[in-house]
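Student: Sequence first, then the predicted structure, then my questions.
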Amino acid sequence: MKIATWNVNSLTARLQHVLDWLIANPVDVLCLQELKMTDDKFPLDVLKSAGYEAAVFGQKTYNGVAILSLAPMRDVVKNIGGFTDDQSRVIAATIETPSGPLRVVNGYFVNGQAPGTDKFEYKLKWLDALRDWLRQEMVSNPNLVLLGDFNITPEDRDSFDPVGLKETIHHTTEERNHFKALLELGLTDSFRMFEQPEKSYSWWDYRMLGYQKNRGLRIDHVLVSQPLVPRVKGCIIDRVPRKWEKPSDHAPVVLDLDQGA
């Protein structure tokens, strides 16, 4: 079973990229972030023709998340329970698999702009609320995957310039402590379960030849709950779509999960 996350930075602009990628990579589940469209604009029929059901939580101009699945989904939840938020950032759904129900939580984490700003304070409060909500979710859903654009580099090796960018956005101690707090819930960074190439990133700035010079960040993650850890067969960043014409600035990250008995 393959589960992927991809910040497409506008599904309107990148729909054909998504369709082309799914033909080459027919994953079971694809979580999208930054749809930048309302629910009524979401291309349900097109994706259904490609074989995918969709759970959508859109927003005009900004944000927006969706889960595409080959199998039916149930118990869809939008945004963080108990946290008032007018931004469409989280969608969760349960998918039936041969080894039982799998809870998929797709998040477009707050960017935060810069330390000391109101947006950064919002990010920290959002992360607090996410952790508290996930703690409850994991009690009722032991097989859980949290994935998406986290807007956090967990470690120095996840940044092209950890010294120059130290304590700037995506690199602050506060953000990294929040990432660790998610792991302490019983989640594991599937990408780091395996030997990976040095300077492995999932995002590159459009400016200043960011991709060509590999000036990137690893900010897109797939975390798995402890019962799933023995079933993880691999996790990779697929850089291919970042080379396409007018690409998203993010690349897909793909988890390979043994179906189990």
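Tutor: Noted; the coordinates are in hand.

Student: Neighbours of Tyr62, how many?
Tutor: For Tyr62, the neighbour count with other C-beta atoms under 10 Å is 12. (Glycine included, C-beta is placed from N, CA and C.)

Student: One more: the one 4 residues further on?
Tutor: Other residues within reach of Ala66, judged by other C-beta under 10 Å, total 25.

Student: who touches the residue positioned nearest the centre of the chain in this structure?
Tutor: Compute the mean C-alpha point of the chain, and by C-alpha atoms, centre = their mean the closest residue is Gly148, 0.8 Å away. Counting by C-beta atoms under 8 Å, 6 or more residues apart in numbering, Gly148 touches 5, 7, 31, 33, 65, 105-109, 220-221.

Student: 6 Å instead, please
Tutor: If a contact means C-beta atoms under 6 Å, 6 or more residues apart in numbering, then Gly148 has 5, 33, 106-108 as its contacts.

Student: likewise Asp75?
Tutor: Counting by C-beta under 6 Å, 6+ apart, Asp75 has contacts Thr94.

Student: change it to 10 Å
Tutor: Contacts for Asp75 (C-beta atoms under 10 Å, 6 or more residues apart in numbering) come out as 55, 92-95, 101, 103, 140-141.

Student: gap between Val104 and Leu68?
Tutor: The gap separating Val104 from Leu68 is 10 Å, by C-beta to C-beta, to the nearest Å.

Student: and what of Pro241?
Tutor: Distance, Pro241 to Leu68, by C-beta to C-beta: 15 Å.

Student: Please apply the same query to Pro142.
Tutor: Taken as C-beta to C-beta, the span from Pro142 to Leu68 is 24 Å.

Student: These two - which one has more neighbours?
Tutor: Leu68 (24 against 15).

Student: can you give me the strands in the stretch 1-150 of the chain?
Tutor: Secondary structure of the stretch 1-150 of the chain (DSSP state E, counting those that start in this stretch): strands located at 2-7, 29-33, 53-57, 65-69, 73-78, 90-97, 100-108, 144-149.

Student: ranking those by burial, who's on top?
Tutor: A comparison of the strands of the stretch 1-150 of the chain by mean neighbour count, using mean count of other C-beta atoms under 10 Å, puts strand 29-33 on top with a mean of 28.

Student: which stretches of the stretch 151-261 of the chain have low pLDDT?
Tutor: The stretch 151-261 of the chain contains residues with pLDDT under 70 at 260-261.

Student: List the buried residues for stretch 38-48?
Tutor: Within stretch 38-48, the residues that count as buried by 16 or more other C-beta atoms under 10 Å are 42-43, 47.

Student: How about the longest helix along the chain, which residues are buried there?
Tutor: Criterion DSSP state H: the longest helix present in the chain is helix 118-140. Neighbour-count burial for helix 118-140, counted by 16+ other C-beta under 10 Å, picks out 120, 122-124, 126-127, 129-130, 133-134, 137-138.
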